[in-house]
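Peer 1: Based on what follows, work out the 3D shape:
(chains A, B and C)
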Amino acid sequence: MTAVQAAPARSRSGARGVWLLLALAVLAAVAVLSLAVGAHTIAPAGVLRAVFEPTGSSDDLVVRDIRAPRALLAAAAGAALGVAGVLVQVLSRNPLAEPGILGVSTGAGFAITIGSALGATTAATGQLVLAVVGSVLAMALVYAVGHRSPLRLVLAGVALSSVLSGVSLGLRLLLPEVFDEYRFWVVGSLAGREQAPTLLPLLAIAAALLGALLLSRQLNAVALGEAVAHTLGVNVAGVRAGALVLITVLAGAATAVAGPILFVGLIVPHLARRVAGGSVPWLVAFAAVLGPVLLLVSDMGARVLLPVGEVPVAIVTAFLGGPVLIWAVRRYGAAPL
Amino acid sequence: MSAVVLRRGPVSFRVERRTLVFTAAAVLVILGLGLLGLCYGAVWASPAKVFAALSGSSGGSSVVIRDWRLPRVLSGVVFGAALGVAGAIFQGITRNPLGSPDVIGLDSGAYTGALIALTVASGTSAQLTTGSVLGGVATATAVYLLSRKGGLSGLRLVVIGIAVNAMLTAVNSWIVLRAELEVAIAAGSWSAGSLNGVGWDDLAIPFAVLAVLLVLLALRSQATHQSGLGGEVAVTTGVGLERLRLHLVLIGVGCTATVTAVAGPIAFVALAAPQIGRRLAGAPGVPLLPAALTGAALLQGGDLLAQALLAPVALPVGVVSTAIGGCYLIWLLTKEVRRT
Amino acid sequence: MPIPRITGIASALVLTIGLAAGCGSGDAEPGAGAGDTRVFAADNGQITIPVAPKRVVATGYAVPALLEADAPLVGISSWQRGLPMMTAEDRAKYDELNKVAGESAAETNYEAIAQAEPDLIVIGVPKPVLADIDLKRLEAVAPVVAIGPSLPSAWRDLSRKQADAAGALATFDANRDAYQAKTKELATKYASVLPGLKLAHLGAYGEVANGNFQREFNGSWGTNIAQDLGANYYGQVKVKGGGSKDVSEYPSIEELPAAFAEADAITYSVAADGSVPKPVQYVLDSPLWKELPAVKAGKVFALRYTEAATYRSAMTTADAIDRAFAPLLAP
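Peer 2: Reported below is the predicted structural model:
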């Protein structure tokens, strides 16, 4: 269907380029704004001073040590979740699929719960490692069970998520202290992560984003059908396995730094498809820009929505994303990929 | 049981017979689990003692067996069947194994209603029940109205349901985060769904409602099976597809909300029972009877396990049903992978 | 073997149902007639209970209160969060007693409670949680008295009510007097330094989310026992939320400098073994914490056992506070 659109492709890719530049400009604006917004009011002049001539005052500390790392995390997690969502949807050809549905986020959250129960997660590094290992195991299991068909992949993911959340629930009821901790692992948040060691997951996200761009051409061929891919000389099994590794790393690292933020991986690909059409390379590029925008805006909302304290960002993304998804489905329908 | 049945599976003309075998076996399993449920408790009662109590003897243990254990066992079987049927209806209409009430937000909506009753109002049982029924019905109405545009598309309903579910789950998490620790722990256990403490006076109205719904469903089951063949076939055979779907959705919502009102959101029975039942019975589509039987066995078995696992602490059955149902579904999928 | 026991439950059940019916129709007055029942005011209404119960089942907050009061317990719910503050003797009793419910109210095992054959059931869960319990079924076993927590500092009255219902006031009052004597003595000891200090408390109880911290004011978990020693925690919550939310709040870490700027000294909650809980450690590691005047002046004190909700465990807390505040008295 997409293969026959050769003639208008050039002008279309020009329009896409303009849209992508526009999206990048919005991302830059939102990133700057996120330094100025928060529970503690700082005047724009104060923000500028903190960025360019820091004196070590508490305002400077808030901007440089709390808000800046937080904006970076939001951008990285948003890009990771958005791109992982694109890969999952292309791979499973299911517009409903997302890393959360495939059990990756639940796997990460479960690993952290078990870690808490065994007392192994006092260190933030431990939690990161647990989250990544959990998501890799969950993905491996789901892939082993369901790799034969896209629908079965989703079904296996939902089944695994349910098993793990059932066991977590049991643990939470048995050990209320663990339950108390887990309450915050079921709702993703970008707050309070500035002290955690995030260099490793950030590097992993950057590498995986690059990998997704490199793999996106072959994925485009696979998306056209296995027969087409074979005639184009693409190693279908290899591309699928590569995409699965990328999904695991992206979603696992994002969950490790921010906890499960389920909606970004579902909503960003749907939005990206409105501008990018069916081209996987463009989908990946747009998701990598729109994901951070969505998460940064949501996170600013999370900081100011309440007179005291903050809302976890996952709650805001669900609120922003839910209506947008409903609108998108009603407007365009949920056509299979 | 399943092994014997499966070996006969590939032979196509035996499918009908296999369904019969499955039905008989499932009824036996449910009866067995029910009897076990009546025997098991803080003190084990022999089957003889149970039968004596059921036949009306006024012996000492009769009160516990008749008024405490029997309503719990019956609610396990009936609620399980109702959840299985609701799941089969929604999965059939949406043509998606993920299109079950718990995925498209009915459970979350009912839970939101109950949470509001717990935290805003004073949280009496009557308020909890009203809150969860209102929440479930409001959610279903919202999802249905949002997906009704130029005909009801199954896939659209699932996507919109998932969106609504995500929003409601966010609201629920937020209410729990805002709540006092004590209330949060109570709400956390409610979210698992439990048959603990269910008595006769909790069951009279729900059973009546479920009976009416299931009779209505049985009256429409012929048309339902035709619509299961696909929209085109159903239209040409003269089934009013749109009206049939509306009726079925109402029945499914009624089943889910009634069960949630009494027992809380028991996750995964509605999702897993139709799929497990379909595979065991070897029937095409998402048939209702196997879903009901499997749901009943799943919930009753799960409740027994929930009582026994950490006795005397009574675990919520939702924890166990989720774990058992999920494991079984994964096992079935692996099995199919090996066969093909 | 099982059969005689089950007959036992049922006969007890039939007996209590008969009793309850008798009370209902006869409208028994306290102290009159048989003289062994009285009317007791609880969260769930005016309840007719035995004057001197012999077999008591306790759940929730009533578990530590009645353990310490030497009430005639025959069954309790699990109560993990109170374990570190129990004396060895109470802990032994706790381990030995029959468990009839889990940590949460929904995990109540009705048959196990009936099997314990209680003549009184004391439920120590918050009022909204009562909806999770089938009170009617429990009332068929024995009179049910629900006395749940409200304000964090209200444990003094609530545990006394629980002990009163269980007919165990003698031991309870002895415990209370010992606590009051100790805190009075400590208050005198610190009279020259504590009342003049503007204190602030960094807590670790409840919903401390990532990036937030818990600030506790007068009357909260971490502060109410220190107040008995003469401590005074300044300020109040921005938005009153009822119950514990009237005396504690959870602001964003960005507000740490503003919140603690005026404090002369800061106390913070640590676990029973002295380890620093995760939400507190997060604040202690923040660059904003290191800029606070009280921190720069070295006036920071770690408090153990801040979750105490009974007099005997509060003795442990008072001792811990005494040890923590000792540097204040050093010249």
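
Peer 1: any idea how far stretch A:51-64 is from the chain center?
Peer 2: Put simply, stretch A:51-64 sits 30 Å off its chain's centre (Cα atoms, centre = their mean, to the nearest Å).

Peer 1: when you scan it, is anything in it near chain C?
Peer 2: Yes - using Cβ under 8 Å from any Cβ of the partner chain, stretch A:51-64 reaches chain C at A:58, A:61, A:62. The C-beta positions use only the backbone N, C-alpha and C, and glycine is treated the same way.

Peer 1: hmm, who's touching that stretch?
Peer 2: A:35, A:38, A:40, A:42, A:46-47, A:49-50, C:254, C:257, C:287-288, C:291 (Cβ atoms under 8 Å, 6 or more residues apart in numbering or on different chains).

Peer 1: Same list (the residues you listed) but as CSV, adding pLDDT.
Peer 2: As requested, these are exported to CSV (pLDDT from 0 to 100):
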residue, pLDDT
A:35, 90
A:38, 83
A:40, 82
A:42, 84
A:46, 85
A:47, 86
A:49, 87
A:50, 86
C:254, 88
C:257, 90
C:287, 88
C:288, 90
C:291, 89
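
Peer 1: out of these, which are inside helices?
Peer 2: The helices, defined by DSSP state H, take in A:35, A:46, A:47, A:49, A:50, C:257, C:287, C:288 from the contacts of stretch A:51-64.

Peer 1: can you list the residues of the stretch 51-200 of chain C near chain A?
Peer 2: For the stretch 51-200 of chain C, the residues in contact with chain A (Cβ under 8 Å from any Cβ) are C:80, C:81, C:102, C:103, C:104, C:107.

Peer 1: between these, which is nearest residue A:78?
Peer 2: Lowest distance from residue A:78 to those (Cβ to Cβ) belongs to residue C:104, with 36.4 Å.

Peer 1: how many other residues sit next to the closest one?
Peer 2: 29 (other Cβ atoms under 10 Å in any protein chain shown).

Peer 1: how much space between the single nearest residue of chain C relative to chain A and chain B?
Peer 2: In chain C, no residue comes nearer to chain A than residue C:211, which is 2.5 Å away by Cβ to the nearest Cβ. Remark: distance between residue C:211 and chain B (Cβ to the nearest Cβ, to the nearest Å) = 13 Å.

Peer 1: Just list the residues touching that residue, thanks.
Peer 2: Residue C:211 sits in contact with A:189, A:190, A:191, A:192, A:193, A:310, C:252, C:253, where contact means Cβ under 8 Å, 6+ apart.

Peer 1: Grab the two from these that are most spread out in space.
Peer 2: A:193 and C:252 (13.2 Å).

Peer 1: For those two, work out which one has more neighbours and name it.
Peer 2: residue C:252 (25 against 22).

Peer 1: was I right about that one contacting residue A:311?
Peer 2: No - in this structure residue C:252 lies outside contact range of residue A:311 using Cβ atoms under 8 Å: 10.5 Å.

Peer 1: Local confidence estimate at the residue most central in space within chain B?
Peer 2: Central residue of chain B (Cα atoms, centre = their mean): residue B:83, 2.0 Å from the mean position. The confidence metric pLDDT takes the value 93 at residue B:83.

Peer 1: returning to that earlier point: quick one: which of the contacts of residue C:211 is most hemmed in?
Peer 2: residue A:190 (30 neighbours).

Peer 1: what about it, distance to residue B:173?
Peer 2: From residue A:190 across to residue B:173, the span is 16 Å (Cβ to Cβ, to the nearest Å).

Peer 1: same question, residue C:243
Peer 2: Applying Cβ to Cβ to residue C:243 and residue B:173 gives a distance of 20 Å.

Peer 1: What are the neighbouring residues in contact with residue C:100?
Peer 2: B:312, C:57, C:59, C:75, C:76, C:77, C:108, C:109, C:112, C:113, C:116.

Peer 1: now it, what's its secondary structure?
Peer 2: Following DSSP: H, G, I helix; E, B strand; the rest coil, we place residue C:100 in the strand state.

Peer 1: cool, and residue C:57?
Peer 2: strand.

Peer 1: count of residues packed around it?
Peer 2: Around residue C:57 there are 33 residues (other Cβ under 10 Å).

Peer 1: correct me, but it touches residue C:71?
Peer 2: No - the pair residue C:57 / residue C:71 is not scored as a contact, 10.3 Å apart, by Cβ under 8 Å.

Peer 1: give the contact list for the closest residue to residue A:84 other than its chain neighbours.
Peer 2: Leaving aside its sequence neighbours, residue A:84 sits nearest to residue A:250 (Cβ to Cβ, 6 or more residues apart in numbering or on different chains; 4.0 Å). Neighbouring residues of residue A:250 by Cβ under 8 Å, 6+ apart: A:80, A:81, A:83, A:84, A:87, A:99, A:205, A:208, A:209, A:212.

Peer 1: Show me which pair in those residues is furthest apart.
Peer 2: Every pair of those checked by Cβ to Cβ; the farthest is A:99 and A:209, at 14.4 Å.

Peer 1: and these two? which has more neighbours close in?
Peer 2: A direct count of neighbours by other Cβ under 10 Å for residue A:99 and residue A:209 places residue A:99 higher, at 34 against 23.

Peer 1: any idea whether that one is helix, strand or coil?
Peer 2: coil.

Peer 1: Now for the residue nearest to it when sequence neighbours are not counted: which residues touch it?
Peer 2: Leaving aside its chain neighbours, residue A:99 sits nearest to residue A:251 (3.6 Å; criterion: Cβ to Cβ, 6+ apart). Residues in contact with residue A:251 (Cβ under 8 Å, 6+ apart) are A:80, A:81, A:84, A:99, A:104, A:105, A:108, A:135, A:265.

Peer 1: and which of those residues is nearest residue C:280?
Peer 2: Checking these one by one against residue C:280 (Cβ to Cβ), the nearest turns out to be residue A:108, at 25.1 Å.

Peer 1: what residues are up against that closest one?
Peer 2: Taking Cβ under 8 Å, 6+ apart as the test, what residue A:108 contacts is A:130, A:131, A:132, A:134, A:135, A:138, A:251, A:252, A:255, A:256, A:260.

Peer 1: What is the burial count for the third one?
Peer 2: Here the count is done by other Cβ under 10 Å, and residue A:132 has 23 residues near it.

Peer 1: Kindly report the same for the fifth one.
Peer 2: The number of residues packed around residue A:135, counting by other Cβ under 10 Å, is 32.

Peer 1: what's the spacing between it and residue B:173?
Peer 2: 20 Å.

Peer 1: So which residues of chain C form helices?
Peer 2: C:2-26, C:62-68, C:88-96, C:110-115, C:135-141, C:155-165, C:169-189, C:224-228, C:256-260, C:278-285, C:287-290, C:293-296, C:311-329.

Peer 1: same thing with the stretch 1-150 of chain A?
Peer 2: Ranges of helices within the stretch 1-150 of chain A are A:9-36, A:44-52, A:58-61, A:68-92, A:104-118, A:124-146, A:150-174, based on DSSP state H, counting those that start in this stretch.

Peer 1: Tell me which of the ones you listed is the most buried.
Peer 2: Mean neighbour count (mean count of other Cβ atoms under 10 Å in any protein chain shown) peaks for helix A:68-92 among these, with a mean of 27.
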